[in-house]
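Q: sequence plus the predicted model coming up.
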There are 2 protein chains.
Amino acid sequence: MDDLIAALPEGRVLTDPDVTESYARDRTFLPPGRPLGVVLAQSRDDVVATMRWAADHRVPVVPRGAGTGLAGGATAIDGCVILSLSRMTAIRELSPRDEIAVVEPGVITADMDRAAREHGLMYAPDPSSFEISTIGGNLATNAGGLRCVKYGVTRDSTLGLEVVLAGGRVLRTGRRTMKGVTGYDLTGLFVGSEGTLGVITAATLRLRRAPRSIATIAAEFTSLRDAAEAVAAIIAAGCQPSLLELMDRTTLKSIDEWKNIGLEPSTRAMLIAQSEGSPDEMAALCGAASFVATASTPEEADELVGLRRLAYPAKERLGQCLTEDVCVPRSRLPEMITSIEEAAARHDVMISTVAHAGDGNVHPVFIFERGLAEPPPAVWAAADEVFRAALDLGGTLTGEHGVGVLKQRWLGLETGPLVTELNHGIKQVFDPLNILNPGKAI
Amino acid sequence: MDDLIAALPEGRVLTDPDVTESYARDRTFLPPGRPLGVVLAQSRDDVVATMRWAADHRVPVVPRGAGTGLAGGATAIDGCVILSLSRMTAIRELSPRDEIAVVEPGVITADMDRAAREHGLMYAPDPSSFEISTIGGNLATNAGGLRCVKYGVTRDSTLGLEVVLAGGRVLRTGRRTMKGVTGYDLTGLFVGSEGTLGVITAATLRLRRAPRSIATIAAEFTSLRDAAEAVAAIIAAGCQPSLLELMDRTTLKSIDEWKNIGLEPSTRAMLIAQSEGSPDEMAALCGAASFVATASTPEEADELVGLRRLAYPAKERLGQCLTEDVCVPRSRLPEMITSIEEAAARHDVMISTVAHAGDGNVHPVFIFERGLAEPPPAVWAAADEVFRAALDLGGTLTGEHGVGVLKQRWLGLETGPLVTELNHGIKQVFDPLNILNPGKAI
């Protein structure tokens, strides 16, 4: 480590194990390995120096944003150097006319959005962690969010990248233009590659016009199927929702026990929807709802969407949480939720489910006893059933969280040996020494 | 060729040079090589058999859709087999509820859209050739179109692929869901790879709700800069145009000479715009326009958009056309068009320009004398200046047509040696024998 410390400006490297330990994990339960140290990069040059040193010494590098990941993509491995990008926080450029921004990876997602809003624009991807997650972490995982149903995922807002490759060379991909087709889509390849192909040191992001007005409703249903039918009806009617979120009874109960929202005993699900259209139209499409609330002021809208944002903290009051992430074709949503309920019953596990319903992206949260170092076997058994059910329904193991280490066990069920072979072939092109976040993503 | 003929059902292989010649070129002037033969694939098995034979015999394969490309991506090379996918025309599935379709590569783009419209949906990408181009060709080039300004390019509507690799193995990439992040984005990598990484035999496409109503205006301007300002104003106001097309005076004049549209002597540019909002708002944003027409019926709207669709045939009446395709950040549109006019004047070449102005995607059409086998040196000199000007303005050599063979000369100016090295590394992973459309795209 001494020559790495010497190669970087003073104060960039941490080696005290008590300190480095706090950089060794993300929000999963996976036991991390022991890192040699942590580099707190402040510039692209710091990243270049780190990657050169790592290549020379064959030391694995685990890039890291804010550590809010839910799949172990940033979990340390033994003998690695952790490369933290969270101090690279410059918004290098923001062009309202071209609707683009050039930013460093440590910019907090919500800060990017706020900077854009000053110009009537927005940065659309909004993972639930958007107040603490970084753009770099979002790029590494191709993060989704609540607004994806209208605006797409992180990849859909990424035009170009500056990347430091495993040996320290600097690559520029993509463009500043809305369209472009020169050569292979290297930009799209890096997005979602979980730091296994290169270290992103800047991104050219696409911003979008912020909507002029947003209509918000919340609808309660006495059956999940009715709620799913309302989702289908809102989509089919062409409302173009920018948010379409479903919460199951377990989730609503955890919120009610905390905030006393007056949950009816018969309520089985709640749907929260936003669009640029008419709230009355969306309300009318929730035909089977037992109750529909329509926001008539921005404050009321914030209150309704706020219910959804309470879902995770409310669950965390009940115990430790394994937050999962499957995605199915939208029409299979009721079956997916039924499968989750069946797995919960069969294994006697508490599962509380929220869904980005418009996308078919379902987050079953497995809640278990505090104090355990990791989820008990019954949770993993239930999770295994949920993952297999998603695949059986034509879905995927992960809609927006990523594979990381957590999903490695199941990855082959979805992709098969040929995809694995090709992914590893691509990895070899970019990182022949296999020093960039080895063991993750593919 | 005999064992290829034997490996395929009867009638699949053409070898008569008089016949195969008509499959040897796309819509560029590039002189094609002489193919050994043409395979008219009717199934995935035909493609597998062809690719196995090609690998065994080290014969290059040039995949081909309808041959409407403008960059030479489907141009035959000496001693190749041309693999035509245009007879694989099945729409295997269309799910209105999941808003997806699974289709074969030979489906005509407009047919895909019409099939979707029967269910209130649409297939958004609409290259100008959409009535004759195929989905497979669109995927190979990541085709754009008029509606891209709102709905994105072909890649943005592609969820998954079935691909036959160079050695004949069948790969499935992607998914049927709206979101998914398992492993690298192989789907995005194949889209736009111009048949150099694999042969697409099926695609899972994302459909979208067709808009409920469309407002259409056409505005005339006495200066290009005023028209560009109107483009910026319509975008900045949040009109979310689904079409925003600019035509220069040379284009308008060619239409007027043909169809007598009553072009005023002072008119320098016309803007045609569509959105789901109010036509009056868009009209008001064309503040400096000398005249604005607003469609009040669908027929009038078709007439206004029809003016834009007349642009290419009108140019073809004047001579042979080299249709080019640069893309710049939207704010640089006036400078790009000025550069084109300067190049036209300097080299005494007629250039007639249309632009997908909302995307900054500019199509200068270089018109030259009939009977010439290829564009004269002055045209290439002017084109060279236009390409370099686009790059100087922070733009790209090709917004939607692709690199093919035509842009190989300039590719390095945009991407540099590191991108070239990585692209060829990826190519090597998928096609180690370099038999898939060698010499194209990268």
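A: That came in fine, so what should we check first? Numbers count the residues shown, from 1 in each chain, chains lettered A, B, ... in the order given.
Q: my guess is residue A:67 contacts residue A:27, does it?
A: Yes - between residue A:67 and residue A:27 there is a contact under Cβ atoms under 8 Å: 7.0 Å. For every residue, glycine as well, the C-beta is placed using N, CA and C.
Q: looking at the two, which one has more neighbours?
A: residue A:67 (22 against 17; other Cβ atoms under 10 Å in any protein chain shown).
Q: residues in contact with the more buried one?
A: A:23, A:25-27, A:74, A:137 (Cβ atoms under 8 Å, 6 or more residues apart in numbering or on different chains).
Q: is it in a helix, a strand, or coil?
A: coil (DSSP: H, G, I helix; E, B strand; the rest coil).
Q: and the pLDDT at residue A:224?
A: For residue A:224, the model assigns a pLDDT of 89.
Q: any idea how far it is from chain B?
A: 17 Å (Cβ to the nearest Cβ, to the nearest Å).
Q: and that residue, what is it in contact with?
A: A:248, A:268-269, A:334, A:337-338.
Q: before we move on, back to that, of all the contacts of residue A:67, which comes closest to residue A:195?
A: The nearest member of the contacts of residue A:67 to residue A:195, counting by Cβ to Cβ, is residue A:74 at 7.6 Å.
Q: tell me the pLDDT of the closest one.
A: pLDDT at residue A:74 comes out at 97.
Q: can you give me the distance of it to residue B:314?
A: Noted for residue A:74: a distance of 57 Å to residue B:314, by Cβ to Cβ, to the nearest Å.
Q: same check, this time on residue A:86
A: Counting by Cβ to Cβ - residue A:86 and residue B:314 are separated by 56 Å.
Q: near chain B, which residues of the stretch 251-400 of chain A are found?
A: A:327-331, A:356, A:358-361, A:394-400 (Cβ under 8 Å from any Cβ of the partner chain).
Q: let's see it at 10 Å
A: A:276-277, A:325-332, A:356, A:358-361, A:390, A:393-400 (Cβ under 10 Å from any Cβ of the partner chain).
Q: restricted to strands, list the residues you listed.
A: A:326-327, A:356, A:361 (DSSP state E).
Q: surely residue A:266 and residue A:252 touch.
A: No - counting by Cβ atoms under 10 Å, residue A:266 does not reach residue A:252; the two are 11.6 Å apart.
Q: mutual contacts of those two, please.
A: Residues touching both residue A:266 and residue A:252 (Cβ atoms under 10 Å, 6 or more residues apart in numbering or on different chains) are residue A:220.
Q: more neighbours: which of the two?
A: With neighbours defined as other Cβ under 10 Å, residue A:266 and residue A:252 compare such that residue A:252 has more, 24 against 11.
Q: grab the nearest non-local neighbour of that one.
A: Once flanking residues are discounted, residue A:252 sits nearest to residue A:263: 5.4 Å by Cβ to Cβ, 6 or more residues apart in numbering or on different chains.
Q: test my guess that that neighbour contacts residue A:248.
A: No - counting by Cβ under 10 Å, residue A:263 does not reach residue A:248; the two are 11.9 Å apart.
Q: higher neighbour count, those two?
A: Per other Cβ under 10 Å, whichever of residue A:263 and residue A:248 has more neighbours is residue A:248, with 24 against 16.
Q: surely the more buried one meets residue A:336?
A: No - contact criterion Cβ under 10 Å: residue A:248 and residue A:336 do not qualify, at 11.4 Å.
Q: interface residues of the stretch 1-150 of chain A facing chain B?
A: So the stretch 1-150 of chain A meets chain B at A:71, A:95-100, A:119-121, A:141-144, A:148-149 (Cβ under 10 Å from any Cβ).
Q: related to what we said a few turns ago, among the residues of the stretch 251-400 of chain A next to chain B, the buried ones, what's the PyMOL command?
A: Those of these that count as buried under 16 or more other Cβ atoms under 10 Å in any protein chain shown are selected in PyMOL with:
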select buried, chain A and resi 276+277+325+326+327+328+329+330+331+332+356+358+359+360+361+390+393+394+395+396+397+398+399+400
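Q: mind listing which of the residues of the stretch 251-400 of chain A next to chain B are in helices?
A: If you go by DSSP state H, these have residue A:390 in helices.
Q: name the SS class of residue A:274, please.
A: Under three-state DSSP, residue A:274 comes out as strand.
Q: wait, isn't residue A:439 in contact with residue A:77?
A: Yes - judged on Cβ under 10 Å, residue A:439 makes contact with residue A:77 at a distance of 6.5 Å.
Q: between the two, which contacts overlap?
A: With Cβ under 10 Å, 6+ apart as the test, residue A:439 and residue A:77 both reach A:33, A:60, A:62, A:405.
Q: okay, those in a markdown table with neighbour count and secondary structure next?
A: Shown next, in a markdown table, are the shared contacts of residue A:439 and residue A:77 (neighbours: other Cβ atoms under 10 Å in any protein chain shown; DSSP: H, G, I helix; E, B strand; the rest coil):
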| residue | neighbour count | secondary structure |
| --- | --- | --- |
| A:33 | 16 | coil |
| A:60 | 22 | coil |
| A:62 | 27 | strand |
| A:405 | 22 | coil |
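Q: who's in contact with the spatially closest residue to residue A:407 that is not a sequence neighbour?
A: Spatial nearest neighbour of residue A:407, excluding adjacent residues (Cβ to Cβ, 6+ apart): residue A:397 at 5.4 Å. Contact analysis of residue A:397 by Cβ under 10 Å, 6+ apart lists A:71, A:324-327, A:386-388, A:390-391, A:403, A:406-407, A:409-411, A:413-415, B:180-182.
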